[in-house]
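Novice: Below is the structure, and that's it, no one-letter string:
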């Protein structure tokens, strides 16, 4: 089962300006084939479907615990998309065409369907699909798929980073490049233990270090790239049998930390009267308050 | 340059005198400015001959007058 914490993995900067087309590009990192919804659902179904969870516990533990982290990544990318859409329309009566700029933005769903928030789809508006999930049941094959998936995800993050310099997008990507690097290494190490083959020798793919990216360097300096969390109060401890030794990119020791990172506040969103969202005016809110306080 | 007499350089600027005049009368009010990129909604705090300043949550946005398409009170 899952327990939810009302925190975001990192604090996202929220400037007073957005970039709706940057939000559209960032959608690829959410609902694209190599987006966070894919990493989440791949590890989630693989953990549900895992055979011989006892005998192969360290492998089960690593796939199951990373699932929880990916849920947090979906949350982080969604919040980034929401903050990126700041100022994409103005507040006015419907006859003044307050959503007029939405016509020329790449993701019109954001204006018509989601009230300028995230969409469970990719940068072209295609819905995220269940057939992005690979769960063959063969441990080595699934781990190889995950290794490949994380490398693909890292590549896409680098490219979206090159598409936008908006501070919210870059902060999120900088952090996720580092965490994605952790997951690449985790699956490489799992494969080494499962097969004896050291895949870390071919890393990083693409061959540039995370430190090339200004917004990733801070997290590398903090050692964020050396830590694997259990995301649990007591379970998934056997990831220690895989996450051990040193990080080949910096020579520092790899650390397992029980639980979750500290986290940061969840951003709130302004009301958007031109989208009728949330659509609760002052009068309605007073009525709601009355009913909330009443003994019904 | 190279022994030749220096060319005289003339700087010109496009200037929308009536935009400047009209916006100067509504300083301090809330407006929407449609620019060539996007709309900006906030308080008009400054009007200069070639730019205006709109504040959103105390953050100033300096907008070139030449990039303004329309302005509407909000």
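Specialist: Now that the structure is in, tell me what you want to look at. Computed from a prediction, not measured in an experiment: that's the story for all the values here. Numbers count the residues shown, from 1 in each chain, chains lettered A, B, ... in the order given.

Novice: okay, CA-based contacts and neighbour counts for the rest of this
Specialist: Fine.

Novice: And the strands in chain A?
Specialist: Along chain A, the stretches classed as strands by DSSP state E are A:227-229, A:255-257.

Novice: meant to ask about chain B
Specialist: For chain B, the strands defined by DSSP E cover B:30-35, B:39-47, B:51-56, B:59-64, B:68-73.

Novice: coming back round to it: export the strands of chain A to CSV and tack on mean neighbour count and mean pLDDT?
Specialist: Shown next, in CSV, are those (neighbours: other Cα atoms under 10 Å in any protein chain shown; pLDDT from 0 to 100):
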stretch, mean neighbour count, mean pLDDT
strand A:227-229, 22, 98
strand A:255-257, 17, 98
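
Novice: Could you export those as TSV, including distance to chain B?
Specialist: Formatted as TSV, the strands of chain A follow (distance: least, Cα to the nearest Cα, whole Å):
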stretch	distance to chain B
strand A:227-229	38
strand A:255-257	40
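
Novice: Would you reformat the ones you listed as TSV and include distance to residue A:266?
Specialist: As requested, those are exported to TSV (distance: least, Cα to Cα, whole Å):
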stretch	distance to residue A:266
strand A:227-229	20
strand A:255-257	23
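
Novice: ok, how many other residues are close to the closest residue in space to residue A:35 that isn't next to it in sequence?
Specialist: Spatially, and ignoring its direct neighbours in sequence, residue A:35 is nearest to residue A:29 (4.1 Å; Cα to Cα, 6 or more residues apart in numbering or on different chains). Residue A:29: 28 surrounding residues under other Cα atoms under 10 Å in any protein chain shown.

Novice: residue contacts, residue A:29?
Specialist: Neighbouring residues of residue A:29 by Cα atoms under 8 Å, 6 or more residues apart in numbering or on different chains: A:35-36, A:77, A:122, A:153, A:156-157.

Novice: Return a PyMOL selection command for the buried portion of those residues.
Specialist: Typed into PyMOL, the line below selects the buried ones among these, using 16 or more other Cα atoms under 10 Å in any protein chain shown:
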select buried, chain A and resi 35+36+77+122+153+156+157
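
Novice: Find the centremost residue of chain A, please.
Specialist: Geometric centre of chain A, nearest residue: residue A:73, 2.1 Å, by Cα atoms, centre = their mean.

Novice: Was I right to think that residue contacts residue A:35?
Specialist: No - in this structure residue A:73 lies outside contact range of residue A:35 using Cα atoms under 8 Å: 9.5 Å.

Novice: Show residues contacting stretch A:229-247.
Specialist: A:57-59, A:61-62, A:64-66, A:68-69, A:186, A:189-190, A:193, A:226, A:228, A:252-261.

Novice: Tell me the buried residues in it?
Specialist: Buried-residue list, stretch A:229-247, by 16+ other Cα under 10 Å: A:229-231, A:236-244, A:247.

Novice: Put together CSV for those residues, with distance to residue B:32 on each row.
Specialist: Converted to CSV, the buried residues of stretch A:229-247 look like this (distance: Cα to Cα, whole Å):
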residue, distance to residue B:32
A:229, 47
A:230, 49
A:231, 46
A:236, 54
A:237, 56
A:238, 57
A:239, 55
A:240, 56
A:241, 59
A:242, 57
A:243, 54
A:244, 57
A:247, 52
